[in-house]
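Visitor: Got a predicted model here, sequence first, then my questions.
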Amino acid sequence: MKKKPFERLSRRERQIMDILYREEEGSVSKVRGAMSDPPSYSAVRALMGVLVDKGFLTYRRRGRAYVYRPTISPEKARESALKHLVNTFFNGSAAGVVASLVNSEDLSLSDEELARLEKLVEKSRKERGKK
């Protein structure tokens, strides 16, 4: 089975991508400064070069520094990460994910969030009925 793009990333590469999605763009120094327990500057620069080679990042020159940004939209990245999470931890069951969220004491949903979920479920039922 072919791996999806974000499954091919190491822990540090994923950490860099997370920072750049949060910040939208950044230099090696900025990314390194946002990392917990960061490796050396040259190691971060090398990892970002690998991410460019893999097609996850692009860069442009700004003065003496290079500024990097993700090539994949945040929406596509979220979708890929969510699919990976569902398949890895919930055996492909979207219902299992929702049940886990609803039943979690640590992530207690507000009444507004529960109402939104109810509306989404109802909308999905209606759309499925039209097909």
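Guide: Looks like it arrived, so ask away.
Visitor: Run through the neighbouring helices and strands of the longest helix along the chain.
Guide: Of all the segments of type helix in the chain, defined by DSSP state H, the longest one is helix 111-130. In terms of contacts (3 or more CB pairs under 8 Å, 6 or more residues apart in numbering; DSSP states H and E), helix 111-130 is packed against helix 94-103. C-betas here are computed from N, CA, C, even on glycine.
Visitor: Residue 72 - nearest residue in space that isn't next to it in sequence?
Guide: Spatially, and ignoring its direct neighbours in sequence, residue 72 is nearest to residue 56 (6.6 Å; CB to CB, 6 or more residues apart in numbering).
Visitor: Report the contact partners of that neighbour.
Guide: 5, 9, 13, 17, 70, 71, 72 (CB atoms under 8 Å, 6 or more residues apart in numbering).
Visitor: do the same with residue 23
Guide: By CB under 8 Å, 6+ apart, the neighbours of residue 23 are 30, 31, 34.
Visitor: Show the buried residues in the residues you listed.
Guide: In the contacts of residue 23, burial by neighbour count holds for 31, 34, counting by 16 or more other CB atoms under 10 Å.
Visitor: can you pull out the strands in the chain?
Guide: 57-62, 65-70 (DSSP state E).
Visitor: Just name whatever secondary elements the last one is in contact with.
Guide: With contacts defined as 3+ CB pairs under 8 Å, 6+ apart, the packing partners of strand 65-70 are helix 11-23, helix 28-34, helix 41-53, strand 57-62.
Visitor: tell me how far it is from the chain's mean position?
Guide: 18 Å (CA atoms, centre = their mean, to the nearest Å).
Visitor: do stretch 24-41 as well
Guide: Using CA atoms, centre = their mean, the offset of stretch 24-41 from its chain centre is 17 Å.
Visitor: tell me the mean pLDDT for it?
Guide: For stretch 24-41, mean pLDDT is 96.
Visitor: can I see the domain layout of the chain?
Guide: Using automatic domain parsing, the domains assigned to the chain come out as 8-70, 74-130.
Visitor: Could you look over those domains and pick the most buried one?
Guide: Mean neighbour counts were taken over the domains of the chain using mean count of other CB atoms under 10 Å, and the top value, a mean of 15, falls to domain 8-70.
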